[in-house]
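Undergrad: Need a 3D model of the following:
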Amino acid sequence: MHTFNDAADSYVAHGGETRYLPRLIERFGPDDVTTVTPVAVRTAAVELFPNASPATRNRHAITPARAVLYHAHEMGWRMPARIRLFLAPKTRVTVPASRRWLETFIDRCDADNLPHLAACVLLMNLCGARVSEAINLLGEHVDLRERTALLVKTKTSLNSLRYMPDHLVERIRDLGLAPGERVFRYTSRFSVNERIFAVCDRAGLPYKSSHTVGRHAFATNALNAGVGVRVAMDAGGWKSSTIFLETYVSTVDAGRVVRDRFNAIHHSDQF
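TA: I've put the predicted structure just below:
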């Protein structure tokens, strides 16, 4: 017999996220994984989060339970389980930072002599780093020759290696790196967001949080640049394609892009 706890441990060992698992493990841990039914999961979501919205129940209970139970199916420990999400109203769409927004923001940082903030925002935007990962980046985590930054785990159980574009490498090199010292000097995500707000105000830009200018923009920009979904997910450290596509990705002129591609194919076929 394999328990839900066994399935969760195996899921994490294979790279699954741990953030929302503790309460599910507390609820189902010793149970035979074959007895954890869709009804049981939906009931647990309501009981564990009695005052939460449907979207929160989906995020904190249904989605992680789905992931663990599907992993158990892949391991041959149970049959697949189809667990319905709670119906959740559509929330306001987050508009990620555009290239023009980012250029204006960085120009304002340069004018205000804020090189650490500029480099921090670029790391989040170009590498999909969370603000907590960015502020915890130490000198020894950066390899300027290989142009990589090792993001120490925050939400996931594994550290994540990110590859930095040349202009970001140059900015980080100019900051000066020292082992044991924070690359961007900030110690709190609140400080980063307060500085972003202040720069946006001086630059006449709409405020965008570190998450919006970082992971949201990274996902959208990667796909709009023609990168495949799987490649973009792996580059930014996403495990769930559902969360990646439904939460983080926006399109830019989708209809026009598809039209232009179809036109290109049509004209190429004529010759």
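Undergrad: When you work out contacts or count neighbours from here on, use the C-alpha atoms and nothing else.
TA: OK.
Undergrad: dump the residue contacts of the residue positioned nearest the centre of the chain.
TA: Nearest to the mean C-alpha position of the chain, counting by Cα atoms, centre = their mean, stands residue 215 at 5.1 Å. Residue 215 makes contacts with 124, 125, 128, 129, 130, 236, 248, as judged by Cα atoms under 8 Å, 6 or more residues apart in numbering.
Undergrad: show me where the protein has strands.
TA: 142-143, 148-151, 160-163 (DSSP state E).
Undergrad: For the ones you listed, which has the smallest mean pLDDT value?
TA: Of all these, strand 160-163 carries the lowest average pLDDT, namely a mean of 90.
Undergrad: packing partners for that strand?
TA: Counting contacts by 3 or more Cα pairs under 8 Å, 6 or more residues apart in numbering; DSSP states H and E, strand 160-163 is packed against strand 148-151.
Undergrad: Which strands border the strand it packs on, and is each parallel or antiparallel?
TA: Applying DSSP bridges to the sheet, strand 148-151 is found paired with strand 142-143 (antiparallel), strand 160-163 (antiparallel).
Undergrad: Residue 52: which of those is closest?
TA: Nearest to residue 52 among the strands paired with strand 148-151 is strand 160-163; the distance by Cα to Cα comes to 31.2 Å.
Undergrad: picking up where we left off before, tabulate the strands paired with strand 148-151 (CSV), appending distance to residue 64 and mean neighbour count.
TA: What follows is the strands paired with strand 148-151, written out as CSV (distance: least, Cα to Cα, whole Å; neighbours: other Cα atoms under 10 Å):
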stretch, distance to residue 64, mean neighbour count
strand 142-143, 32, 20
strand 160-163, 20, 18
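Undergrad: Looking at those strands, which is nearest to residue 14?
TA: strand 160-163 (14.1 Å).
Undergrad: Give me the residues contacting the closest one.
TA: Residues contacting strand 160-163 (Cα under 8 Å, 6+ apart): 127, 147, 148, 149, 150, 151, 152, 153, 235, 236, 237.
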